[in-house]
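1. coords below, sequence missing:
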C-alpha cells in the first residue's frame, strides 16, 4: 500500500495496537493459562506468585492480617497525601489548618477521620499480625529474616503513628509528645544514678535529636512532619518490598507440610502426587531455593482469580470498617496546644500507654530497658527455636494450646497482682524515701514482671524440653502483660497518674 | 489441569463491580478535595461609604481594592487598575487614560487597549448599593464596559 | 473442597463494598445536602425574595449562591464563619426576622463593621465552625466559648474605656467596675500592679480558660463566667477554705461584677482597633493624677478595716482588725510610723505590705493614705516612756495580762501581733508605753494605767516586748 495509506491505516489501528503493546500478552486473559502468564508478566501482578496454595487462602489461618495492613497503608498514604494539600506544619497555622480541614475542606472531615482511624487500625493489626506469625511458627527456617524485617516494620509503624500524632498541634498531641520525648530522655535516670551524665548523656542526645530543641516547638513539629510524610513512609515502603519479596522467596505463606498432600483427581482416577521441580521460562537455574511455590501443582490454585479475591475482600473489609468508624466518630481534636496548661493526666497514644505505666515506676526501665529487652527477645526467637517442625499449625499443636492458656493465665495473674500491689501499697520509695535511685532502677515493677515471665518461661522449658513452647509461654505472658498495662494506662489512670476505677470519678480541675 | 468450563460467575461479577463502584465513588469524593470550598483571605468586596461623598467628576483611587472609581453625570463606574498583561498596577492620567509602567501597555479612558502587549481591556467592576446604604464595589465581579451605576 | 475457593471472599467483597458505598454516600449527603448552614441559607434566600420590591430584586435573591461564607480579618488573626448562617447580620431589612437571620441589634454593627471586626473578637466562640453547637463551643474543646448576651459587654473593654461609652452601651460593665471599687476587692486582689496579696492577682482573669479553675464544686455550665458568678454568690462553696467574705450581692450585681471580671484582659490588638479613650486610659495609668486618700482607702483598706474608726472582729481571720482611723490611735502614732506600717505591712499576719515592690502603691499614694488617716486626729506629743526594766518581771506580767489577747508568743491571737518585725520597727517605746497606759478607745484594749500598772511595770513590759525586736 502507498505510504500515505499505510500511515492512515496505522492511525486507524492505533487504539488496538496501544492496547496490545500495553498488555504483554496482547489481550486480556480468558483462560487459566493466559491468566497465569499475565500474573507473571505484569509489573504490578508479578508481586504475586502465579499459583498459591489453598492453605494460604484460609481465613482461619492468617485472618488476612497482612493484607489488612497493606490495605491500611494504602488508605493512609492516599488520605495522607490529600491532607497534605491543606495541612500547614507551622505552630501558628497547624491547628487552624486542621480545623479548616474538618469544617470547610470538601470531604475534609471524612478524609481526616479515615486517616486517623485507619492509623489506629494499622497499629492494632500489626500487633495481631505479629502474634499470628508467631503462634503459627512462621518465623522458622527459612523465614527467620522475614521475621526481623517484620519487626522493623512494627517499629516503623509505631514511629509513623507517633510522628503523625503531633501534627494537629492540639493539647493531646503536644503533651503526648512531651511525654514521649521524656521517655526518650529516660537514660538520664541511669546516667544520673551512676553519676556519669556529665560526659555520657544519651538521653539528652535522643531527646534533642527528636525535638531539635529542649522543648516541643516549631523544630519538633517540622522534624516530625518530615519523618511522617517522607522518611518513614519511604522506609516502610522499602521494608514492605523486602517483606513481600521474602514471602515469595521463602516459599509463600507458611503451611503445614508434615501431612502428605491429598491425592489429585485426573478424570475418574485418584493419583498420588509427587513434587517435581519446575523452572519458568528462560530463567537460569539458581542455587538453593527454586522460585517455585511450595512443591508442585498439588494443593495450589491460580492466584488470578483466587488470591486476588482474597486480597479484594481484605481491602474492601478494611475500607468498610474504616469508613464505618469515620462516619460515626470524629477524630479527636482538643484545644490548641498550650504549654502553660498541662493536660492532667497527660497520656501518650494508646500503644505507648503500657510503656507509660512502666515508666511511672522507672523512667529508664519503662522507656528503654523493657522495650529493648522485648525487641531483642523477639528478634532472637527464630534463632533460638531452630526446630523446623510445627510450622503452619496454630500453637504447634495441642501441647502448644495448653501452654498458651496456662501462660495467659499466669501472665494475667502476675501483672494484675503486681498492679494491685503497687496501687494499694506503693513501691520502694513509699517505704524507704531515701533509697538510692539505682535500687529502684534495678528493682521495680517492670523488672519484676520481666523476671516473673522469664522464670515461667524457663520453667516451661524444663518441663516440656521444647524451646518453642517456652518461647510461646514467654510471648503469651508478654502479650497478656501488654494488654493489661495498656488498659491500665488508658482507663484506670487519672489526674496525677492516680488510680481510679472509672474516668467519671476523676476530680474536675 | 484442564480449564474449567466458562460459567457466568454472578457473584464474582457482583463483587467486582460493587468494589469498583465503591472505589469509584471514593475517588470521585476525593477528587473534590483540592478545590477549596471557600477561598482564604479577606473578601474582595469593598464598601466605600455614602455615595453622596463622591462629587460628580471625581476620580478616586482605591489601593486595597485595586480599582479607580469614577463618578460622572451618567453615574458611577469602577475600572480595575490591574494590567491585563502580567498584573502590574497601572497609573491613571486624567484625560489620557491608563498606562502600565512594566511593559508599556496603554489604555484609553474607558479601559480599551490602545498600545502595548496587553491582550484585553481593563475590566469594569460591579457596583451596587449594599443593604446598609453604602456604595459597594465587588472586585471579583465584572460588568460590561460602559455600564454605569446610577444611585 | 469447595467448588470455587474464592466464593466466600466474593461474598465478603460484595457486602463490604456495598457498606462502603453506603457510608460514602452518607458522608457526601451529610456534607453537601443536609448540612445545617445550607438550610439556613435557603431560608434566607426565601426571606430576601419575599422582601424584594421588584422583579429584578426577586431574580437577584433567587440567584443568591449557597456557599460557605467567611469573614477573614488578618489583623485580628481570625476567620469567622458565623455569616454562613447569619447572612442578614448587617442588613437593616432583617431586624424583625427570627434568628439566625436577624440583623445585629443595637446598631452596633454600623460602628463595628463585620468586614473589619469579624464576630469572635466581641462574642468569642469558635469562629471556624459551621454549626451552632460547635460555634458556641460550650462543653467542647475550645478555650473561649460563645459569650451569653448578658456577658458580651465584657469584650468592650478590650478596645474601649467603658466609662467613656455612651449610656446604655455597656451599663453592666460600668456597674461592675463601680462595684469592684465599692466593695474594695483590691484589698485582697492585685490588679494592674496594685492591690493586696491575700487572694490571687486578677490581671488577665478574663482570659483564663475553664481548665485554670478548680471546678469540683461548680454546678451547671462549666464556663468561667458561671464560675465567677457562683464564686460571688458563695466564695467558700466554690473555693474550699476560701478567706473571701461573701460580697452579699443581688443577682444583678453578681452579673455586673462577673462581666467586669470577665473584661479583665490584656489583648494584643492592633492600634487601629483601639478607641481613643482606651489609649487615654492607658496613658492615665502611666501618668496618674494626684491620688485621693479616701478613694484609696475605700479601694484597698475598707474591706478589712471597714470605717477604721474602731477595731472589728473578722470571722474569717478569727481576730480583731485594728481600727486605723481611730482617733485615739492616731493621736499616739506619727505619720512616718503610719507610712512604715502601710509600706511594710505586718509579715506573718493578714496585713500585706503595700509598698511599691509589694502591694504596688507608690510613695505618693502612701502619703495620700496617711494624710487621709490623719484627718481623724492630729498627732499629739507622747509622754516619755519609762526606762526598760526587768525582763522576767515583764514576762510574768505579759503572761498574766496580755497573752490572752496578744498570744503567749506575741504572735497575736485576737489582738495584733507584737512579736512582729514591722511593729517592733515602727512602734516607739513612748507609743507602746502610752498605749498600755491609756488603752485604745473603741477597742478591747484596756487602759492598764488606770487598772493598776505603774511606770515600773510598763518599763518591765517594754523590756520584755523589745526582746522580740531586732537588737
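-> Looks like it arrived, so ask away. Worth saying up front: this structure is predicted, and the values here are computed from it rather than measured.
2. and residue C:177, what does it touch?
-> Taking CB atoms under 8 Å, 6 or more residues apart in numbering or on different chains, we find residue C:177 in contact with C:162-163, C:260. The C-beta positions use only the backbone N, C-alpha and C, and glycine is treated the same way.
3. How about residue A:229?
-> For residue A:229, the contacting residues are A:80, A:84, taking CB under 8 Å, 6+ apart as the criterion.
4. can you rerun that using 10 Å?
-> A:77, A:80-81, A:83-84, A:87, A:89, A:160, A:163-164, A:167 (CB atoms under 10 Å, 6 or more residues apart in numbering or on different chains).
5. Check residue C:387 too.
-> Under the criterion of CB under 10 Å, 6+ apart, the neighbours of residue C:387 are C:429, C:455-456, C:458-459, C:462-463.
6. Please point out which parts of stretch C:49-62 sit buried.
-> residue C:61 (16 or more other CB atoms under 10 Å in any protein chain shown).
7. is any part of it close to chain B?
-> Yes. In this structure, stretch C:49-62 sits against chain B according to CB under 10 Å from any CB of the partner chain; the contacting residues are residue C:60.
8. Straight-line length of that stretch, end to end?
-> Counting by CA to CA, to the nearest Å, the length from the leading to the trailing residue of stretch C:49-62 is 7 Å.
9. Packing partners of the strand ranked longest in chain B?
-> For chain B, the longest strand by residue count, based on DSSP state E, is strand B:135-143. Applying 3 or more CB pairs under 10 Å, 6 or more residues apart in numbering or on different chains; DSSP states H and E, one finds that strand B:135-143 contacts strand B:45-47, strand B:67-72, strand B:75-80, strand B:124-129.
10. tell me, which of the contacts of residue A:229 make contact with chain C?
-> Filtering the contacts of residue A:229 for proximity to chain C by CB under 10 Å from any CB leaves nothing.
11. Of those, just say which sits nearest to chain C.
-> Minimum distance to chain C across the contacts of residue A:229 is 14.7 Å, recorded for residue A:87 (CB to the nearest CB).
12. Surely the closest one touches residue A:98?
-> Yes. Here residue A:87 reaches residue A:98: they are 6.7 Å apart, a contact under CB atoms under 10 Å.
13. Common neighbours of those two, please.
-> When contacts are counted by CB under 10 Å, 6+ apart, the set common to residue A:87 and residue A:98 consists of A:112, A:167-168.
14. hmm, back to that, now the longest strand of chain B, how far from the centre of its chain.
-> The chain centre lies 9 Å from the centre of strand B:135-143; the measure is CA atoms, centre = their mean, to the nearest Å.
15. Parallel or antiparallel, which strands does that strand pair with?
-> Here strand B:135-143 is paired, per DSSP bridges, with strand B:45-47 (antiparallel), strand B:124-129 (antiparallel).
16. so of these, which one's packed in deepest?
-> Between the strands paired with strand B:135-143, strand B:124-129 has the highest mean count of neighbours, a mean of 19, where neighbours are mean count of other CB atoms under 10 Å in any protein chain shown.
17. report the angle between the axes of that strand and strand B:67-72?
-> When axes from the mean of the first three to the mean of the last three CA atoms, to 10 degrees is applied, the directions of strand B:124-129 and strand B:67-72 differ by 60 degrees.
18. average pLDDT for strand B:124-129?
-> This predicted structure assigns strand B:124-129 an average pLDDT of 92.
19. Could you do stretch A:170-188 as well?
-> Mean predicted confidence for stretch A:170-188 is 88.
20. That one vs chain C: in contact?
-> Yes. Stretch A:170-188 lies within reach of chain C by CB under 10 Å from any CB, at A:170-172.
21. does the residue of the stretch 251-400 of chain C found nearest chain B count as helix, strand or coil?
-> The nearest approach of the stretch 251-400 of chain C to chain B comes at residue C:272, 13.6 Å away (CB to the nearest CB). When classified by DSSP: H, G, I helix; E, B strand; the rest coil, residue C:272 comes out as helix.
22. neighbours of it, just the number please.
-> Counted by other CB atoms under 10 Å in any protein chain shown, the residues lying close to residue C:272 total 7.
23. Look up the closest residue to it, ignoring the ones flanking it.
-> Using CB to CB, 6 or more residues apart in numbering or on different chains and skipping the chain neighbours, the partner closest in space to residue C:272 is residue C:75 (7.4 Å).
24. That neighbour and residue C:115 touch, don't they?
-> No. Taking CB under 10 Å as the contact criterion, residue C:75 and residue C:115 are not neighbours in contact, 11.3 Å apart.
25. Report the set of residues contacting both of those two.
-> Listed contacts common to residue C:75 and residue C:115 are residue B:42; contacts here mean CB under 10 Å, 6+ apart.
26. hang on, the earlier thing: would you mind giving me the ChimeraX syntax to select the buried ones in the contacts of residue C:387?
-> Applied in ChimeraX, the following selects the buried portion of these according to 16+ other CB under 10 Å:
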select /C:429,455,458,459,462,463
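27. Taking the contacts of residue C:387 together, which two end up most distant?
-> Largest separation among the contacts of residue C:387 by CB to CB: C:429 and C:456, giving 14.4 Å.
28. And whatever residue of the stretch 351-471 of chain C ends up closest to chain A, how far from residue C:180?
-> Among all residues of the stretch 351-471 of chain C, residue C:360 sits closest to chain A, at 23.6 Å; criterion: CB to the nearest CB. Residue C:360 sits 16 Å away from residue C:180, going by CB to CB, to the nearest Å.
29. Okay, and residue 180 sits in which element?
-> Since you didn't name a chain, this refers to chain A. Using DSSP states H and E, the secondary-structure element containing residue A:180 is helix A:171-184.
30. Actually, chain C is the one I wanted.
-> With DSSP H and E as criterion, residue C:180 is part of helix C:171-182.
31. quick one: contacts for residue 103?
-> Looking at chain A here, since you left the chain open. A:109, B:37-38, C:68, C:70, C:81, C:84, C:126, C:128-131, C:134-135.
32. wrong one, chain C
-> Contact analysis of residue C:103 by CB under 10 Å, 6+ apart lists B:131-132, C:86, C:88-97, C:109.
33. Can you say which of those are buried?
-> Neighbour counting over the contacts of residue C:103 (16+ other CB under 10 Å) leaves B:132, C:86, C:88-91, C:94, C:97, C:109 as the buried ones.
34. Of those, which is the nearest to chain A?
-> Chain A has its nearest neighbour among the buried ones among the contacts of residue C:103 in residue C:86, at 15.8 Å by CB to the nearest CB.
35. A helix includes that closest one, no?
-> No. Residue state for residue C:86 (three-state DSSP) corresponds to coil; a helix is not indicated.
36. With adjacent residues omitted, what lies nearest to it?
-> residue C:100 (4.9 Å).
37. Ramachandran angles for the one you found?
-> phi -90, psi 10 (degrees, to the nearest 10).
38. Tell me the spacing between residue B:32 and residue C:388.
-> 93 Å.
39. Oops, could you answer that again for residue A:504 instead?
-> Using CB to CB, we find residue A:504 at a distance of 67 Å from residue C:388.
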